[in-house]
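Trainee: Got a sequence here, can you build the structure:
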Amino acid sequence: MDDITLRPFRADDASWLVERHGTLYARDEGFDETFAPLVARILEDFIAAHDPERECGWIAERAGKRLGSIFCVTQDDQTAKLRLFLLVPEARGLKLGKRLLTTCMSFAREAGYREMALWTHESHAAACGLYRSFGWQLTGSKPVHSFGVDLVEQSWRIRL
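Mentor: Prediction:
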């Protein structure tokens, strides 16, 4: 994993992130065509108005090939929100998820946030296991119909 670097997100990463989210979530979760535009809007907002002192995105790369992402954005003055955490299938099992999560949480702590929150789905068992191992707490769970499928939506939080 020494050959994998984490670098700041750049605007030219957006199309890759939108495509990867759309393709992988359609293939793995059965999500419909409404999901990728949501990712695009999140990235457009980040590019247009993020505060670099309090918000950051990272791209994991190996030999110029993108392998994943994670973002820390402001939810409110005291709370950071984790967003767009993604690992491509060939990068799973390399402990890269731990590295990305550690980087994001450390940034949030250093930026002065007191806690972090995230929203995910129960079907993301590996990610939920990772959050739990880092001390995140499941704070809410409810069945929903989103992106063309029935899901169990989850909210998680951690004190920093």
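Trainee: Which residue is the nearest non-sequential neighbour of the residue nearest the centre of the chain?
Mentor: In the chain, the residue lying closest to the centroid (Cα atoms, centre = their mean) is Phe85, at 2.0 Å. What sits nearest to Phe85 in space, not counting adjacent residues and going by Cβ to Cβ, 6 or more residues apart in numbering, is Ile70, at 4.7 Å. Where you see a C-beta, it was placed from the backbone N, CA and C, and this is true even at glycine.
Trainee: Tell me the bridge partners for that neighbour.
Mentor: Beta-bridge pairing of Ile70 under DSSP bridges involves Trp58.
Trainee: so it sits right up against Cys104, yeah?
Mentor: Yes: using Cβ atoms under 8 Å, Ile70 makes contact with Cys104 at a distance of 4.7 Å.
Trainee: Neighbour count for these two, which is higher?
Mentor: Ile70 (27 against 23; other Cβ atoms under 10 Å).
Trainee: hang on, the earlier thing: ok, the residue nearest to the centre of the chain - contacts?
Mentor: Gly68, Ser69, Ile70, Phe71, Gly97, Leu100, Leu101, Cys104, Leu118, Ala127 (Cβ atoms under 8 Å, 6 or more residues apart in numbering).
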